[in-house]
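> below are the sequence and a predicted model for it; my questions follow.
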Amino acid sequence: MIMTTKKPDVTLGSLSSHNEDDVRRSKRYKRIRSLVYADFLVLMTVLFSAVLIRFGTDWPKDFSTYLLGFLIASSLHLLIYYFGELYDAAPRIGAKLWLPRVTALTSIAILLQATVALITDYYLMPRGNLLLLWVFGTMGVTFNRWLSGKIRIRRYGTPRVLLVGSTMDIRLGKEHIKECESKLEVVGEINSIEQLSSEIESQQATDILLLTSGLLGEIYPKPLEDLELKRIGVFQQILPSDTLLGLRRSIQIAGMPFTALRAHTLSTSRSHFKIFTECIYLVVLLIPALLLTLFTATYIRVIAGKKIIHKQKRVGKFGSTFDMLKFRTMQHDAEDQTGTIKAQKDDPRVIPGLQWIRRSRLDELPQFLNVLKGEMSIIGPRPERPNFTKEYEGLIPGYGRRHDIPPGITGLAQVSGHYHTDPSYKLGHDLQYLVNWSPILDLQILTRTLWVIFTGRT
């Protein structure tokens with residue numbers, strides 16, 4: 001076990017201390033930059049070494065040509081690694097298997113290079129070098145993460161763990177930690193979440209192990225959100241019965257299965273990947289959406305008269321408000337007598353002849369302008385009105401997590417549920433979308449949204 005007298009890199013402290021957050025963020029970005037440089041060095045070394053081994057100094061092309069190709073190939077790999085969360089902050093504790101993920105991401109990058117080469121007949125490197133890059137590049141990038149973990153422990157010391165749970169569960173957990181000779185230092189043990197904040201601060205704990213079931217409801221959303229901001233790891237032990245929930249990701253800590261808990265569901269790198277994919281969707285959908293918008297606008301103008309665009313205040317990313325655009329399908333004075341109320345099924349306020357516009361969701365088409373302004377995304381949790389949001393946040397724990405990303409024109413809750421599905425159920429769909437987001441899931445939602453448009457039902 002590596003021992004050090006240095007202060008751990010994380011303490012709870014005051015949650016209002018912006019200076020501490022800035023220092024911590026600076027350290028994290030420095031580690032990320034170091035990993036990026038190390039991966040770039042590995043990739044370039046493998047690429048040039050492969051050419052030297054195969055051809056010696058008698059290269060088929062000149063040095064500048066290879067240098068440009070290798071730079072492009074390495075940059076593509078780094079981009080794929082970033083979108084694949086290889087540069088996200090890793091937990092301090094737990095046996096994380098880097099090799100499978102690095103192998104998969106390297107394979108994707110090489111397949112993209114091969115596909116582009118087949119289409120354009122432009123090769124970034126000799127074709128035989130792709131296999132060498134796949135093997136040795138994967139090994140080198142994986143080694144960088146192993147080395148980074150070792151350096152992190154040496155620099156900041158052994159992770160300081162706080163055990164939370166019943167007396168029996170804590171005793172069993174301590175026995176496992178001792179028997180497995182884990183590189184963990186148990187600094188405290190408590191039976192109640194109420195003592196958590198004070199115990200973390202007094203013991204300068206860096207990680208928390210929840211050893212008893214039923215604690216998740218007490219820690220989420222508070223104080224889990226605060227702990228996440230302070231980079232304190234929180235892990236819930238997985239019980240045999242929990243496997244029935246279909247948990248796929250687990251972390252081995254001292255021979256015990258855990259799952260890492262996060263208050264915020266979508267990492268920064270995945271959020272950027274989502275933005276990247278939505279830019280592609282915008283390019284593909286631009287012409288069809290424009291034509292459908294012109295048709296719908298003309299029809300509403302004929303049926304409803306002037307002022308076909310309606311603005312509503314909605315809650316966006318991180319709780320900020322914006323003016324969401326919609327085609328008007330109700331009378332101008334629809335809420336003059338009732339105030340702000342939720343729309344109803346077969347709402348009598350809808351203008352005759354425009355009911356099918358609402359059923360098919362065509363009234364949402366102007367929100368592509370909100371997407372272009374950066375206020376919304378194509379796919380995501382639907383934005384709610386401020387007064388309803390305030391009400392739901394008071395009634396439904398964790399409701400604010402749906403604001404981690406920009407709201408969407410359509411979403412999983414819209415294609416899986418119905419217009420009047422209970423907000424708590426919609427939140428379940430929204431959080432599942434954030435946890436399981438992928439481009440494939442977005443394509444499924446887009447396909448089902450098109451089905452709603454053409455059939456008028458989910």
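Done, it's in.
> show me where the stretch 201-350 of the chain has its helices.
For the stretch 201-350 of the chain, the helices defined by DSSP state H, counting those that start in this stretch cover 216-219, 224-229, 268-304.
> export the ones you listed to CSV and tack on distance to residue 185 and mean pLDDT?
Where C-beta positions appear, they are placed from N, C-alpha and C, glycine not excepted. As requested, the helices of the stretch 201-350 of the chain are exported to CSV (distance: least, C-beta to C-beta, whole Å; pLDDT from 0 to 100):
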stretch, distance to residue 185, mean pLDDT
helix 216-219, 22, 81
helix 224-229, 18, 85
helix 268-304, 30, 91
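> now these in TSV, with distance to residue 197 and mean neighbour count?
Putting the helices of the stretch 201-350 of the chain into TSV (distance: least, C-beta to C-beta, whole Å; neighbours: other C-beta atoms under 10 Å) gives the following:
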stretch	distance to residue 197	mean neighbour count
helix 216-219	11	14
helix 224-229	8	18
helix 268-304	26	15
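> want to try TSV for those helices, with distance to residue 165 as columns?
As requested, those are exported to TSV (distance: least, C-beta to C-beta, whole Å):
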stretch	distance to residue 165
helix 216-219	12
helix 224-229	16
helix 268-304	31
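> closest to residue 319 out of those?
In terms of C-beta to C-beta, the element of the helices of the stretch 201-350 of the chain nearest to residue 319 is helix 224-229, at 13.0 Å.
> tell me what the closest one is packed against?
Contacts defined by 3 or more C-beta pairs under 8 Å, 6 or more residues apart in numbering; DSSP states H and E place helix 224-229 against strand 233-237.
> what's in contact with stretch 64-76?
40, 43-44, 47-48, 51, 59, 109, 112-113, 123-125, 133 (C-beta atoms under 8 Å, 6 or more residues apart in numbering).
> which positions within that stretch qualify as buried?
66, 69, 70, 73, 74, 76 (16 or more other C-beta atoms under 10 Å).
> now the helix or strand hosting the third one against helix 268-304, angle please.
Going back to what we said before, that points to residue 70. Element membership of residue 70, judged by DSSP states H and E, is helix 63-83. Using axes from the mean of the first three to the mean of the last three C-alpha atoms, to 10 degrees, the inter-axis angle of helix 63-83 relative to helix 268-304 is 70 degrees.
> next up, the contacts around residue 350.
With C-beta under 8 Å, 6+ apart, residue 350 has these contacts: 329, 330, 358.
> kindly report the same for residue 179.
254, 255.
> one more: the one 5 residues further on?
With contact set as C-beta under 8 Å, 6+ apart, residue 184 has these partners: 93, 158, 159, 161, 177, 253, 254.
> list just the nearest of the residues you listed to residue 317.
Among the contacts of residue 184, residue 93 lies closest to residue 317 (C-beta to C-beta), at 31.5 Å.
> helix, strand or coil for residue 188?
strand (DSSP: H, G, I helix; E, B strand; the rest coil).
> from the contacts of stretch 64-76, which shows the smallest pLDDT?
Within the set of those, pLDDT is lowest for residue 59 (71).
> residues in contact with the residue lying closest to that residue once chain neighbours are set aside?
Nearest residue to residue 59 in three dimensions, chain neighbours excluded: residue 51, at 6.1 Å (C-beta to C-beta, 6 or more residues apart in numbering). Residue 51 is in contact with 59, 66, 125, 126, 129, counting by C-beta under 8 Å, 6+ apart.
> residue 317 too?
403, 404, 405, 406, 407.
> the fourth one contacts residue 380, doesn't it?
Yes. Here residue 406 lies in contact with residue 380, judged by C-beta atoms under 8 Å, at a distance of 6.0 Å.
> so where's the stretch 151-300 of the chain uncertain?
By pLDDT under 70, the low-scoring segments of the stretch 151-300 of the chain are 181-182, 241-249, 264-265.
> just to revisit the earlier point, who's more crowded, residue 406 and residue 380?
residue 380 (30 against 24; other C-beta atoms under 10 Å).
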